[in-house]
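S.K.: Quick one, what's the 3D model for this:
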Amino acid sequence: MQDRKPAARETIDALRALKQQFDAAAEGSEKSARVAADALLLAPELAEDAAALRKHFSRTAEDQRQLAQSAGRLLRKLEQDEAKKVAAEKARFRTRTSDVRARIKSARVKNTAVAVFIDRSGSITAKPFSAALDGAAVLDAPVCLYAGARDAEWVRGDILDPETRKALFKSGPSSDFKPAVTEMIKTAAVNKLNGQKSHFVVISDGGFHDYPAAKVEMEKLLRNHLRATVDFVIFGRTDTGMEILSEQLAKEFPGKVKAHIVNGPAYWQGTEEDLSQATQATVAAAITARLHPPRKAKPAAQPSPT
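M.R.: All right, here's what the predicted structure looks like:
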């Protein structure tokens, strides 16, 4: 009994080679059977020997053809299973975000342009980075990655594709937030010219090094009539620089800034998928509240004085 599960690709390659061997052997046996048949015509006095050879090689060719067919059936089944496995792996990020994406899409407001800014500094590991991409994917919005002082890069390609994700995960040495806010200002200015409001979702672990400069830039974004709002989605910890920044800005610009903490078991002990689901839920709740704020209840009618 084998102690290990064989690799599907190795088995497929071995079966393909085995089928080729059986096909080649069958052709060789068929050729030998034809030689025996020719010998029978040329030397009828040795008919018994020629017939025995012909019978043997014909039977061997048939057996080898059947073995080749068996190998072929196994090969096709394993190839189909492997193709399904590859397709499932390629679609796994798309699959695990599909329900939330559908809900968010149905909740969109036409005159609000959404963009997502994701921290990919050195403190962001693969697990939160993948969860952040899933959080961005449910919004079906442009994504910008930021890290160092001159690093704010808009993503090209499908963030739900595994190969694209591998290429995007290249952590920067530090985390400066000002470059990301500068991109927000540029984006909001273009959106305003197009008659749209802007809403930005920032997904980060909350740490960054350029607090004073980033705060000044955020004030420009929120003060200069750019019709912009921001939600911070922060992984893991409270009282980070980003949460403190959001609290200060919320006081200066009421209703425009809010922080949301993704904490608890999903972050600390959970799997990548656990954190993904928690992030998706946080982003969905934040964007739904932002795009569809609850209506203020009208004050109850007072009885008219008699």
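S.K.: got the CA coordinates for stretch 92-100 in CSV?
M.R.: This file holds the C-alpha atoms of stretch 92-100, laid out as CSV (Å, rounded to 0.1, in the frame of the first residue of the first chain):
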residue,chain,number,x,y,z
ARG,A,92,-11.5,30.1,-6.0
PHE,A,93,-11.2,33.8,-5.3
ARG,A,94,-14.0,34.6,-7.7
THR,A,95,-16.2,31.9,-6.1
ARG,A,96,-15.6,33.1,-2.5
THR,A,97,-16.5,36.7,-3.3
SER,A,98,-19.4,36.1,-5.7
ASP,A,99,-22.3,36.4,-3.2
VAL,A,100,-21.1,39.7,-1.6
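S.K.: how far is it from where the chain is centred?
M.R.: Here the centre of stretch 92-100 is set off from its chain's centre by 8 Å, with C-alpha atoms, centre = their mean, to the nearest Å.
S.K.: Also stretch 154-162?
M.R.: When C-alpha coordinates are averaged (C-alpha atoms, centre = their mean), stretch 154-162 and its chain have centres 8 Å apart.
S.K.: Show residues contacting it.
M.R.: Identification of contacts with stretch 154-162 by C-beta atoms under 8 Å, 6 or more residues apart in numbering yields 89-90, 92-94, 97, 133, 136-137, 142-145, 164-165, 167-168, 183. Glycine gets a C-beta too; all of them are placed from N, C-alpha and C.
S.K.: residues touching Glu247, list them.
M.R.: Per C-beta under 8 Å, 6+ apart, neighbours of Glu247: Ala259.
S.K.: quick one, phi/psi of it?
M.R.: phi -60, psi -40 (degrees, to the nearest 10).
S.K.: remind me which residues of the stretch 51-200 of the chain are low pLDDT?
M.R.: Counting by pLDDT under 70, the stretch 51-200 of the chain has low-confidence residues at 106-110, 149-150, 171-173.
S.K.: Now do the helices in it.
M.R.: 126-137, 162-168, 178-193 (DSSP state H, counting those that start in this stretch).
S.K.: Please identify the deepest-packed of those helices.
M.R.: helix 126-137 (a mean of 24; mean count of other C-beta atoms under 10 Å).
S.K.: Alpha carbons of that helix, as CSV, please.
M.R.: What follows is helix 126-137, C-alpha atoms only, in CSV (Å, rounded to 0.1, in the frame of the first residue of the first chain):
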residue,chain,number,x,y,z
ALA,A,126,0.1,37.2,2.4
LYS,A,127,-3.0,36.4,4.5
PRO,A,128,-4.3,40.0,5.0
PHE,A,129,-3.1,41.0,1.6
SER,A,130,-5.3,38.4,0.0
ALA,A,131,-8.2,39.3,2.2
ALA,A,132,-7.8,42.9,1.3
LEU,A,133,-7.9,42.0,-2.4
ASP,A,134,-11.1,40.1,-1.8
GLY,A,135,-12.5,43.1,0.0
ALA,A,136,-11.7,45.3,-3.0
ALA,A,137,-13.1,42.7,-5.4
